[in-house]
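A.B. asks: Give me the fold of what follows.
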Amino acid sequence: MKVFDKINLKIFSVIIIIISVVAMLFSFDIIQDFDFLDVLQENLILTNVISVIFILLAIKSLFITGKKEDVSNGVLLENSNGKLFISKESIIGMIETDLKSYSEILSKSAKIAFDEQNNLLVELTLAIRKDTSIKELSGKIQNSVKTAVKKSADLDVKFIDIKIKNVAEEDIKK
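C.D. replies: Here you go, the predicted model:
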């Protein structure tokens with residue numbers, strides 16, 4: 001929703017609240033000076049029900065924001081110039097491209113998720129060559145992936161969990 005539309009909605013909501021409260025005051029005979037509003041007192045239940053409904057709708061439009069954009073398949077980044085949506089597939093592609101530089105990796109798969117602060121959680125499943133130092137390789141991979149994702153997408157990687165599914169001598173289909 002554009003800024004002008006949001007402002008109009010807020011102003012309209014405040015006006016509706018004021019009118020509804022005034023209508024309720026007339027219906028309960030708290031304000032008595034206007035004879036032309038006697039119809040509000042005659043239909044007391046209808047006036048109050050409609051007033052309460054209008055008040056609730058106005059409060060909803062004042063305080064409850066519009067629909068959230070669906071970001072279940074990626075992350076939405078915003079700045080003063082606009083929005084940027086990066087899909088999960090793109091981020092996985094970045095990670096897998098970074099992993100191609102490791103000759104020790106025979107096969108790989110990556111899964112990602114996001115926490116509430118848009119920090120990235122990465123789970124890598126790898127098959128590696130037989131004579132590879134797993135601890136050393138995993139440290140290199142974690143640092144490399146964090147740096148690559150931060151540089152490319154400006155996302156902070158919170159965790160990189162690595163699972164070694166296989167240690168083999170020969171190449172496995174990548």
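A.B. asks: all helices of the chain, in order?
C.D. replies: Remark: helices assigned in the chain by DSSP state H are 3-27, 38-42, 44-63, 88-99, 134-153.
A.B. asks: looking at the ones you listed, which one has the lowest mean pLDDT?
C.D. replies: For the helices of the chain, mean pLDDT drops lowest on helix 38-42, to a mean of 63.
A.B. asks: that older thread, as a markdown table, the helices of the chain with distance to Phe114 would be great.
C.D. replies: C-betas here are computed from N, CA, C, even on glycine. Output for the helices of the chain, formatted as a markdown table (distance: least, C-beta to C-beta, whole Å):
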| stretch | distance to Phe114 |
| --- | --- |
| helix 3-27 | 27 |
| helix 38-42 | 52 |
| helix 44-63 | 27 |
| helix 88-99 | 9 |
| helix 134-153 | 12 |
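A.B. asks: Could you export these as TSV, including distance to Ser109 and mean neighbour count?
C.D. replies: Converted to TSV, those look like this (distance: least, C-beta to C-beta, whole Å; neighbours: other C-beta atoms under 10 Å):
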stretch	distance to Ser109	mean neighbour count
helix 3-27	44	14
helix 38-42	68	13
helix 44-63	44	14
helix 88-99	8	17
helix 134-153	13	15
